[in-house]
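A.B. asks: structure for the following, please:
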Amino acid sequence: MLWQPALPEKYQQMGETEIAEAIVARKRQLGGDLLILGHHYQQDSVMLHADLRGDSLRLAQLAAEEAPKRGTKYIVFCGVHFMAETAEILTDDSVQVILPDLSAGCSMADMADYDDTVEAWETIHEVLGKSWKGRLIPITYVNSTAAVKAFVGEHGGACCTSSNADKIFKWALDGGTQPKAAGEEIKLLFLPDQHLGRNTASKFGFITEVDEAAGKGKSETALWETRKDRGGLTAGQIRAAKILLWAGHCSVHKLFRPEHVDQMREKFADDGGVTVIVHPECSKEVVDKSDLTGSTSQIIHQIEQAEPGTNWAVGTEVHLVNRIADQVGERGVNVMTLSECQCLCTTMYRIEPRNLLWVLDNLAEGKVVNRIMVHPKAQELASQALERMLAHVGQAAPSPAAAK
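C.D. replies: This next block holds a predicted model:
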């Protein structure tokens, strides 16, 4: 995580209304030079000023599409660090990407360090040995650093999102950049979110460690814990595993528990029942108990189509849930968070309107602060991982949990 210096005192003394009015004035002054992107998890007071809204990858794609049309010089990404990096990778050199608060990082992305990834890669190959007739293909969730995306791109892998992980799994299991040869074994290394990896592996019929613990057979997935010798695995476990899962997770989605699903079903047992929809960053135990699982955009789309009078419990970040609840509540759809705990993205929360105003004030004075830059070589390799993903995916609908 990078360090964000304290803002000048005048921004601390300004009231909310004064800040909002000042942002509107600066946006008008900067005109087409400026494009503000707002991730779904942002606070409403920040989203109010976003020109485009979406999930992390879609916003980066929109930035690449819209910047040339608008003549944009500055993209202010109200999200977290890896998102701004992705926008920097996908846009050309005429655009400068800015993160309003440098400390707005992602704990999940930080759990997959580049050096640790290199060490794991080398160790796994040492265990498999030179006589092994197979390939290890890395896949990284877009919630990862540019350095890890570059590693994956360099080693023939691809990025994925929570909505297309199954398609990228299939692409990799079929051989990835080259068709799988007769008798060749393909293993996957999935970074950095173990839960998305495990839930996706389950969709393909692989027995996971969770299944094994429940007495459903021998696991075909293994958890690589980077701080332990050889990832905490025996040589036999590494050789037997079809999917090696990095021991990372989302600090928000790990807060949802299976008992929360049970509690919601009990709560609405006499009131028409409830549909539980969760993000696939939740644990497999939660996903298995849910009715639907989907990415941020898929959750929004599904609930927008919901019938009046229905009840929905949503397992994802609370700002998004509250925004959806307000939107669909007007037509009688009842939406609530799956858990009453504060399931919010605390690093995303660090971006406040005052940070946004500070950035815009500097731009108006001809100064660029908090610019996010990716080394040209890393940008080239990370682009390969992103391009391989985009070449093999489309939009996906929420998946029935029962199909997992």
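A.B. asks: and the nearest residue to residue 337 once chain neighbours are set aside, what pLDDT?
C.D. replies: Once flanking residues are discounted, residue 337 sits nearest to residue 321: 4.7 Å by CB to CB, 6 or more residues apart in numbering. Yep, even glycine has a C-beta here, placed from its N, CA and C like the rest. At residue 321, the predicted lDDT confidence score is 94.
A.B. asks: wait, a strand at residue 321?
C.D. replies: No. Counting by DSSP: H, G, I helix; E, B strand; the rest coil, residue 321 is not part of a strand but helix.
A.B. asks: what is the burial count for it?
C.D. replies: When neighbours are counted by other CB atoms under 10 Å, residue 321 registers 22.
A.B. asks: the stretch 151-300 of the chain: helices as residue ranges?
C.D. replies: Counting by DSSP state H, counting those that start in this stretch, the stretch 151-300 of the chain has helices at residues 165-173, 194-203, 209-213, 235-240, 258-267, 284-289, 296-304.
A.B. asks: what's the closest of those helices to residue 247?
C.D. replies: helix 194-203 (5.7 Å; CB to CB).
A.B. asks: so what's the gap between the closest one and the chain middle?
C.D. replies: 14 Å (CA atoms, centre = their mean, to the nearest Å).
A.B. asks: now the angle between helix 165-173 and that helix, please.
C.D. replies: 70 degrees (axes from the mean of the first three to the mean of the last three CA atoms, to 10 degrees).
A.B. asks: if we can go back for a sec, my guess is the residue nearest to residue 337 contacts residue 335. True?
C.D. replies: Yes. With contact defined as CB atoms under 8 Å, residue 321 counts as touching residue 335 (6.7 Å).
A.B. asks: could you measure from the residue nearest to residue 337 over to residue 99?
C.D. replies: Separation of residue 321 from residue 99 (CB to CB, to the nearest Å): 24 Å.
A.B. asks: helix, strand, or coil at residue 93?
C.D. replies: Applying three-state DSSP: residue 93 is coil.
A.B. asks: show the pLDDT at it.
C.D. replies: 90.
A.B. asks: one more: residue 1?
C.D. replies: Residue 1 is given a pLDDT of 58.
A.B. asks: now residue 348
C.D. replies: Taking residue 348 on its own, its pLDDT is 82.
A.B. asks: beta partners of the closest residue in space to residue 273 that isn't next to it in sequence?
C.D. replies: Distance criterion CB to CB, 6+ apart; nearest residue to residue 273, sequence neighbours excluded, is residue 311 at 6.9 Å. Legend: beta-bridge partners of residue 311 under DSSP bridges are residue 334.
A.B. asks: can you list contacts of stretch 279-288?
C.D. replies: By CB atoms under 8 Å, 6 or more residues apart in numbering, the residues outside stretch 279-288 that reach it are 108, 162, 165, 193, 195-196, 198-200, 202, 208, 210, 249-250, 252-254, 256-258, 260-261, 278, 290, 293-296, 299, 315-316, 401, 404.
A.B. asks: before we move on, what SS does the residue positioned nearest the centre of the chain have?
C.D. replies: Nearest to the geometric centre of the chain sits residue 143, at 4.1 Å (CA atoms, centre = their mean). What three-state DSSP gives for residue 143 is coil.
A.B. asks: and if you look at residue 360?
C.D. replies: helix.
A.B. asks: ok, it touching residue 31?
C.D. replies: No. The criterion here is CB under 8 Å, and residue 360 misses it with residue 31 at 11.8 Å.
A.B. asks: who has more neighbours out of those two?
C.D. replies: residue 360 (25 against 9).
A.B. asks: skipping adjacent residues, who's closest to the more buried one in space?
C.D. replies: Per CB to CB, 6+ apart, closest to residue 360 is residue 26, 3.8 Å.
A.B. asks: measure how buried residue 308 is and give me the count.
C.D. replies: 10.
A.B. asks: report the contact partners of it.
C.D. replies: Counting by CB under 8 Å, 6+ apart, the residues that residue 308 touches are 331, 332, 333.
A.B. asks: and the second one, what is it in contact with?
C.D. replies: Applying CB under 8 Å, 6+ apart to residue 332 gives the contacts 308, 309.
A.B. asks: what do you get for the one 3 residues further on?
C.D. replies: For residue 335, the contacting residues are 303, 312, 314, 321, 324, 325, 328, 329, taking CB under 8 Å, 6+ apart as the criterion.
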